[in-house]
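> Here's a sequence, model it:
(2 chains)
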Amino acid sequence: MKTKITAKSVVIFVLAVLWLLIAFVPFWFMLLTGFKQSLELMTRPVWALPENPIITNFSNVLANRFFRFLTNSTIVVSVSIFLVVLISSMAAYVFARIRFRLNQPLFALIIAGLIVPIHVTLIPIYLLTTRAGIYDTLSALIGPYVAFSLPISIFILTQFMRQIPYELEDAARIDGCGPMGSFFRIILPLSRSGLVTIAIFNAVSLWNEFVFAFVLTSSPSTRTLPLAIWDFQGQYSADIPQIMAVLILSALPLIIAYVIFQEQLVKGIMAGAIKG
Amino acid sequence: MTTAARDNTQARITTRPRPLINEYALTAALFLLPTFAFLFIFVLWPIVDSFRLSLYKWNGVDPNLTFLGVDNWTRLAKDSVFWRALRNNFIIVFLSIIIQLPVGLALAVLLDTGGRMFRFFKVIYFLPLLLSTVAIGILFKYIYDPYFGIINATLEAVGLQSLTQAWLSNPRIALFSVIAVICWQYIPFYMVLFLASLTGIPQELREAAYIDGATENTYFWRVVLPLLRGSIITAATLSLIGSLKYFDLIWVMTEGGPVNATELMATYMYKKAFNSFEMGYGATIASALFIVVLVTALTVYFPLQRREEDIAG
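Numbers count the residues shown, from 1 in each chain, chains lettered A, B, ... in the order given. Have a look, this model is predicted:
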């Protein structure tokens, strides 16, 4: 294909660059400011490069229990994802593969869960958590995280499992393989890419979850990353470079993941775009 | 296979002697149990409990709840802050859909026509989706800062001092400042969604349209747009339901202020239940939010979905 410079391609290019600026400038501001000294914003223009780039902002954050928050987030997200993948693949297997009268109505009921705003459940879940004596522990988060991840995960996996050829299961059945065996030996291994997709999708959304963590935990030792950012912000509200350093560090894990697994991550994040 | 033959196999399968307990029914029950346990405890029961609590006056600690009947609901009906919050929610829904979808589509078309050349652009465009909403909220709080933020600084640098603003503390524009951030956050999502459908359109269709004398414009409006119908409906639905559930960003940026200018149903509910300890009234707002989402879903979403099926079928 020959490249012609036409008026149209110039306009397209200009628009593309314009959005590039809109998308990137906030990141640039964050990076630039994170390396400044705390008073530099008042004495020099906001757009100026850091006078003497410093890393103390970052080391302060790292020394201030950052790894505790990172570990908390990692634990909560891993346990939740493990449960979501296990439970939703079991349910999806039933909906995709076993015929029974209530199949459609039950599936519809679960899909209806997609529209439930978490805020409706917030007060009762908060009360339940305090009564169960797990308020302000990491386990308080796992129940609601799993529950609210299930409808979309089941939906995606059911679609996925419906496409696996039935002949495979028929063949297994002739060889004496029951429903359990065919789930673990045939359907589950063949659904690997679907499982990866829902794992990524839920990992990203739970990694960034705010409301439940805000309401169900209170002490620094149980804070997850999004809450820690919020706390840091309260603590350093006047020290903008310090806050930018927090933001950069907290965004880093996902950005690194994006650099390494770009296609997979994009696919996982976009898995939320379903026709429910 | 002839119909008779198929009936025959069918008959053979169904008349096979059945075991005492159907293994498949057992598996179905066992495999669905954890899902329904989680959904019952953390979704279904809390919804019912919210409605129950909405009939009481309660500070959340006192062992005795005072039964009020429908008093909380009549209070809600007269509560101007609630109506303001509801209105704000719908302003966000409306502006989100009319800004995010067209811009997302335009960017998708841009990337689609640019082809490989724009791969780098696509990588950068996607970045906002990697930040948590809390991080975005805090970042933009400082971007909007009247003294140290980049918006006012840039406006001053190009001689537009008259446009500088206290973006988040001016009640007349705070809501729009927040909506701009919502758009920044979600436009890339719709862009990727539309881009996926655009790349799925076979090249032959374009050639066929051009042979039939279509211009680039008519090709877009008469061929591409109708083919994107499904994705547009998906995007609009996601945007609609998502906007009604909004909380994090607003909470981080303004906490619903200044003077309720950016109040949403969810932020108002949170304040009542957890800041002023009016659990009963908070539950009333939460229940109202549920009703609003349900009614919206039933009136907008399902009819659209049905029409879609009619067209497909």
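> Show me the shaky parts of chain B.
With pLDDT under 70 as the threshold, chain B has low-confidence stretches at B:1-21, B:115, B:301-313.
> now what about the host helix or strand of B:L26, what contacts it?
Counting by DSSP states H and E, the element that carries B:L26 is helix B:23-39. Outside of helix B:23-39, the residues that reach it under the criterion CB atoms under 8 Å, 6 or more residues apart in numbering or on different chains are A:87-88, A:90-91, A:93-94, A:98, A:100, A:106, A:110, A:113, A:143, A:146-147, A:150-151, A:154, A:178-180, A:183. (Each C-beta comes from the backbone N, C-alpha and C, glycine too.)
> Near residue 140, how many other residues are there?
Since you didn't name a chain, this refers to chain A. Taking other CB atoms under 10 Å in any protein chain shown as the criterion, the count of residues near A:A140 is 25.
> think we crossed wires, I meant chain B
For B:F140, the tally of surrounding residues (other CB under 10 Å) stands at 25.
> Was I right to think it contacts A:P26?
Yes: with contact taken as CB atoms under 8 Å, B:F140 and A:P26 are classed as touching, separated by 7.0 Å.
> So for these two, which residues contact both of them?
Contact with both B:F140 and A:P26 is made by residues B:W184, according to CB under 8 Å, 6+ apart.
> Could you list which of the contacts of helix B:23-39 also contact chain B?
Subset of those in contact with chain B: A:87-88, A:90-91, A:93-94, A:98, A:100, A:106, A:110, A:113, A:143, A:146-147, A:150-151, A:154, A:178-180, A:183, counting by CB under 8 Å from any CB of the partner chain.
> of those residues, buried ones?
Neighbour counting with 16 or more other CB atoms under 10 Å in any protein chain shown marks A:87-88, A:90-91, A:93-94, A:98, A:106, A:110, A:113, A:143, A:146-147, A:150-151, A:154, A:179, A:183 as buried within the ones next to chain B among the contacts of helix B:23-39.
> Only the buried residues of the helix holding B:L26, if you could.
B:24, B:27-28, B:31-32, B:34-36, B:38-39.
> Render the CA-only coordinates of it in PDB, please.
Provided in PDB are the C-alpha atoms of helix B:23-39 (Å, rounded to 0.1, in the frame of the first residue of the first chain):
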ATOM      1  CA  GLU B  23     -25.900 -38.500  38.800                       C
ATOM      2  CA  TYR B  24     -26.500 -35.400  36.700                       C
ATOM      3  CA  ALA B  25     -29.100 -33.900  39.000                       C
ATOM      4  CA  LEU B  26     -26.900 -34.500  41.900                       C
ATOM      5  CA  THR B  27     -23.900 -32.800  40.200                       C
ATOM      6  CA  ALA B  28     -26.100 -29.800  39.200                       C
ATOM      7  CA  ALA B  29     -27.300 -29.300  42.700                       C
ATOM      8  CA  LEU B  30     -23.900 -29.700  44.200                       C
ATOM      9  CA  PHE B  31     -22.200 -27.400  41.700                       C
ATOM     10  CA  LEU B  32     -24.800 -24.700  42.000                       C
ATOM     11  CA  LEU B  33     -24.800 -24.700  45.800                       C
ATOM     12  CA  PRO B  34     -21.800 -22.500  46.400                       C
ATOM     13  CA  THR B  35     -22.900 -19.900  43.900                       C
ATOM     14  CA  PHE B  36     -26.400 -19.600  45.400                       C
ATOM     15  CA  ALA B  37     -25.000 -19.600  48.900                       C
ATOM     16  CA  PHE B  38     -22.700 -16.600  48.100                       C
ATOM     17  CA  LEU B  39     -25.400 -14.700  46.100                       C
END
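> what element comes up after it heading to the C-terminus?
helix B:45-53.
> Need the contact partners of that following helix.
The contact list for helix B:45-53 (CB under 8 Å, 6+ apart) reads A:116, A:120-125, A:127-128, B:279-280, B:283, B:286-287, B:290.
> on that earlier part again, inside helices: which ones of the contacts of helix B:23-39?
Within the contacts of helix B:23-39, residues falling in helices by DSSP state H are A:87-88, A:90-91, A:93-94, A:106, A:110, A:143, A:146-147, A:150-151, A:154, A:179-180.
> Could you work out the most separated pair of the residues you listed?
A:G143 and A:P179 (27.9 Å; CB to CB).
> The spatially most central residue of chain B is in what secondary structure piece?
Taking CA atoms, centre = their mean as the criterion, B:G242 is the residue nearest the geometric centre of chain B, at 1.4 Å. The secondary structure element spanning B:G242 is helix B:229-244 (assigned by DSSP H and E).
> hmm, that helix in reach of chain A?
Yes: applying CB under 8 Å from any CB, one finds helix B:229-244 touching chain A at B:230, B:233-235, B:237-238, B:241, B:244.
> buried set for that helix?
Going through helix B:229-244 with 16+ other CB under 10 Å, the ones that come out buried are B:231-244.
> of all the residues you listed, which comes closest to B:K78?
For those, the closest approach to B:K78 (CB to CB) belongs to B:L244, at 22.3 Å.
> Could you double-check that that closest one lies in contact with B:L86?
No: taking contact to mean CB under 8 Å, the distance of 9.6 Å between B:L244 and B:L86 leaves them out of contact.
> overlap in contacts of those two?
When contacts are counted by CB under 8 Å, 6+ apart, B:L244 and B:L86 are jointly contacted by B:265, B:292.
> What pLDDT is listed against the closest residue to A:V146 other than its chain neighbours?
The spatially closest residue to A:V146, leaving aside those adjacent along the chain, is A:L83, at 4.8 Å (CB to CB, 6 or more residues apart in numbering or on different chains). For A:L83, the pLDDT comes out at 97.
> swap in A:S191?
Predicted confidence (pLDDT) at A:S191: the value is 93.
> which residues does it contact?
Shown in contact with A:S191 (CB under 8 Å, 6+ apart): A:89, A:157, A:160-161, A:164.
> Likewise for B:E216?
If a contact means CB under 8 Å, 6+ apart, then B:E216 has no contacts.
> And it, how far from B:Y210?
Between B:E216 and B:Y210 the computed distance is 9 Å (CB to CB, to the nearest Å).
> How about B:E204?
Spatial separation of B:E204 from B:Y210 under the definition CB to CB is 11 Å.
> Spatially nearest residue to the residue of the stretch 151-276 of chain A found nearest chain B (excluding sequence neighbours)?
Using CB to the nearest CB, the single residue of the stretch 151-276 of chain A nearest to chain B is A:N208, 3.4 Å away. Nearest residue to A:N208 in three dimensions, chain neighbours excluded: B:S132, at 3.4 Å (CB to CB, 6+ apart).
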